[in-house]
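> What follows is a protein structure lacking sequence information:
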């Protein structure tokens, strides 16, 4: 994988129901994202970055329970307008930090088919070096 922007574009290309794909480092400082072509985003650029930072913080809080529950594979938030998935990217990126992938889907889509059938297999094959 060449870089985070290309990684996001590759995730976006996995399924037509994917509205948004973004990555952020564990500090929320490095954020890259792409939207589906011709999509009118629900959030402004500032709100998108804020949302990703909040997801990074929530992801970090889950680490405290992983020794008992196992690693978090992904979390799903169902909103009336979209479904949002946050996936911790493992292993850590080359800078030694964990990162997250956030994906939003059309609300009506079968999220299991997209997550388990497309996104997770892609991540297993991807090199997470950006």
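Happy to help now that I have it. The model shown is predicted, which means the values in this text are computed figures rather than measured ones.

> Packing partners of the strand or helix carrying residue 121?
Here residue 121 is covered by helix 120-125, with elements defined by DSSP states H and E. With contacts taken as 3 or more CB pairs under 8 Å, 6 or more residues apart in numbering; DSSP states H and E, helix 120-125 sits against no other helix or strand. C-beta: built from backbone N, CA, C; applies to glycine.

> got the buried residues for it?
Neighbour-count burial for helix 120-125, counted by 16 or more other CB atoms under 10 Å, picks out residue 123.

> mean confidence score for it?
Averaging pLDDT along helix 120-125 gives 90.

> what sits up against that helix?
Residues outside helix 120-125 that contact it (CB atoms under 8 Å, 6 or more residues apart in numbering) are 10, 11, 14, 73, 74, 87, 89, 101.

> tell me the contacts of the third one?
Right, the one you point to is residue 14. Residue 14 makes contact with 114, 118, 119, 122 under the criterion CB under 8 Å, 6+ apart.

> what about the second one, is that helix, strand or coil?
Assigned by DSSP: H, G, I helix; E, B strand; the rest coil, the conformation of residue 118 is helix.

> three-state assignment of residue 84?
strand.

> filter the contacts of helix 120-125 to the buried ones?
Buried among these by 16+ other CB under 10 Å: 11, 14, 74, 87, 89, 101.

> Pull the contacting residues for the third one.
Spelled out, that is residue 74. 85, 86, 87, 88, 115, 120 are the contacts of residue 74 under CB under 8 Å, 6+ apart.
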